[in-house]
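**Student:** sequence isn't available, so here's the structure alone:
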């Protein structure tokens, strides 16, 4: 059971989220695992809403992930049902049946096909999913749907998150202003017995499903796929993007028409991804790692993730120790091309090591001051090529052990 | 600086190590970093001693690793110099010069070529190596060489190890008894500002260098290359195997002549590797992970390492929680072929999940009792093929954070 965790010191306030034409929300307390809080979210989308999605690459995905993958080629969405408390993972055929039951119940109240209802579940793995509790609150949810309930929605999908996560931007398509808003949950890849990073983004823009999918797939690369808390990939990670078309923008004829929309979408994805790191289990510092001079962008990203996933780098940051030796170690263990004698490392913008050795007489004072802050920046230059990459993580603290290593009651 | 850490609860006693013909040891306090303890080891080998070695795959290796790789093709060894306190890593050309200085000093006292002197350093990364301190104690070391100083040798190479590590076995080659003894150090991949897992094995058998290298390379697969404490690969990992030939066994003509020798060697490698895990930073439980039913042995090993390196699995074990959902997650994130609906997971020999779901009515009592012990066993059956693998790790506790995340003074 989730404990009352203190709010992350890296938390950011929930922004004001205006209503978006074509989407309404309702939340309810179904008692799936938690008591005394909403744990089910229903979203209703206007007819004609297009949808895009990306999912966990974990080979043991939850039943809702399988459900969404199966219906995604349809390209349209009328509903979304999300629950917190049970991930519906590793439940065999019963898990698939539970997913279908939820989708059918939502489809009945929304007047659509079950294959237009997307699902996401987050919580315990391997416990039977009490879908009947979702079915039981469905009529009440449908009666309560309203466009302004974004903050409620952001809270209903939380598990061990310590703060609700949302972001919003506007852009113009063909002279018409459109809005993009999203909510996310996630606090590491897994909290006590809980799984999952989930994000749901809605826009009132009219964008064809195939275009939407291409934008989302490219957008998650430098955002959700560039963050790590503990290197553990959830069985349920899901990002869904819905476009209701209510803004009435002219049809998109060319990718260039969407340049501003793409930037706004990427900004929302970036905001949400960083909020997940800021709520990383036990996190006290946000770490940005910039890698340059690698042989390729792919190589730079892998080196960045090797640093970001190194327990020794993460504990050093927790200890406010600008331990560049551990950064060198992490670069070397990544398996990517690296030349020890060309490597340079900076912390807080101060280059501590260059050409494979410590910079003589470098001034440690600004580095020490930087390490005491909450936003840590690490730069690595491989000196080999033009590949660049950027990833984010958080420090590894006693809080992580407390949250994940507590004895079962 | 290393703190006085309590001895690991998983420690094993130092065995009695008889002298081995053809090798002598001496240790001294050179004051490289530590005070009031021996920190340099000199080993002297009889003429004709053959040598084999395997080294870290980290792309930023220390100068001693580069030195050893360069001289290994010579196939013979007359000396070994090991120091604790400074890893001589990331010191540029000065690091290479320091390595050569140590080798030359030992070569002078031993009356051999510098290229017959092997080196290993463990300790801080990126600090200039005070090789002159090793040179200063070299004559005293040479005067003090004696065959029975195995225990002293095991202690002189420790950094944040909490107990000295050694193992010994005998075998027969062509009717002649030979002995194999080894020492190791390592406590995770890195201790506070320290690096490295080192192991040195000596036998009085006469074995050609090429044969020795083949035996060592195969032997480290299921031993040193199947353990992990924190997924971080040191820049200095080194395993060296010396064969003095003093036992006077007949020449080896056939690999089958070495079957008993190979088994004894592998037993020593296995012992030493597991001692390193038992001294893993903060470790309170030794975890053995057996993977079966994978598509190949390579795939099984990768799945095993994905489980062994998962912070969430390791914190669950620390919390004595048989959290098989996290094991499923780790299998899925490994990227190796897996079918969620064929997967089976056991803890302590009790199968908790089969065919992709929890085993109904399984008896949790023996699993709970098993988790309270110090030796934890996890079994995973993929149900896909005949690939098997076994790896070892330790749990992830507050002790790890204490050791690696302490504020620098």
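**Tutor:** Arrived safely, thanks for sending. Just so we're clear, the structure is a prediction, and the values are computed from it rather than from any experiment.
**Student:** would you map the strands across the stretch 101-250 of chain A?
**Tutor:** Applying DSSP state E, counting those that start in this stretch to the stretch 101-250 of chain A gives strands spanning A:117-124, A:165-173, A:176-185, A:190-191, A:194-195, A:198-203, A:238-243.
**Student:** which other helices and strands contact the longest one?
**Tutor:** What that stands for is strand A:176-185. Applying 3 or more C-beta pairs under 8 Å, 6 or more residues apart in numbering or on different chains; DSSP states H and E, one finds that strand A:176-185 makes contact with helix A:150-156, strand A:165-173, strand A:198-203, helix A:259-278. Where you see a C-beta, it was placed from the backbone N, CA and C, and this is true even at glycine.
**Student:** and those, which is most packed in?
**Tutor:** Burial of those is given as mean neighbour count (mean count of other C-beta atoms under 10 Å in any protein chain shown); strand A:198-203 ranks first at a mean of 28.
**Student:** which residue does the stretch 101-250 of chain A bring closest to chain B?
**Tutor:** residue A:125 (3.0 Å; C-beta to the nearest C-beta).
**Student:** so the residue lying closest to residue A:383 once chain neighbours are set aside versus residue B:288, what's the distance?
**Tutor:** Spatial nearest neighbour of residue A:383, chain neighbours left out: residue A:342 (3.4 Å); criterion: C-beta to C-beta, 6 or more residues apart in numbering or on different chains. Going from residue A:342 to residue B:288 by C-beta to C-beta, to the nearest Å gives 41 Å.
**Student:** the two: which is more packed in?
**Tutor:** More crowded of residue A:342 and residue B:288, by other C-beta atoms under 10 Å in any protein chain shown: residue B:288, with 17 against 14.
**Student:** pretty sure that one sits in a strand.
**Tutor:** Yes - remark: residue B:288 belongs to a strand, assigned using DSSP: H, G, I helix; E, B strand; the rest coil.
**Student:** any idea which helix or strand carries the closest residue to it other than its chain neighbours?
**Tutor:** Closest residue in space to residue B:288, ignoring its immediate chain neighbours: residue B:377 at 5.0 Å, by C-beta to C-beta, 6+ apart. Residue B:377 is located in strand B:375-381, with elements delineated by DSSP states H and E.
**Student:** tell me the domain ranges of chain A?
**Tutor:** Following automatic domain parsing, one gets these domains for chain A: A:23-278, A:286-404.
**Student:** show the average pLDDT along the shortest one.
**Tutor:** Average pLDDT, domain A:286-404: 93.
**Student:** list the contacts for the residue nearest to residue A:383?
**Tutor:** Neighbouring residues of residue A:342 by C-beta atoms under 8 Å, 6 or more residues apart in numbering or on different chains: A:293, A:355, A:356, A:382, A:383, A:384.
**Student:** whichever of those residues end up buried, select them in ChimeraX.
**Tutor:** The command below creates a ChimeraX selection of those among the contacts of residue A:342 that count as buried (16 or more other C-beta atoms under 10 Å in any protein chain shown):
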select /A:293,356,382,383,384
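**Student:** secondary structure added to the contacts of residue A:342, as CSV?
**Tutor:** Shown next, in CSV, are the contacts of residue A:342 (three-state DSSP):
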residue, secondary structure
A:293, strand
A:355, coil
A:356, coil
A:382, coil
A:383, coil
A:384, coil
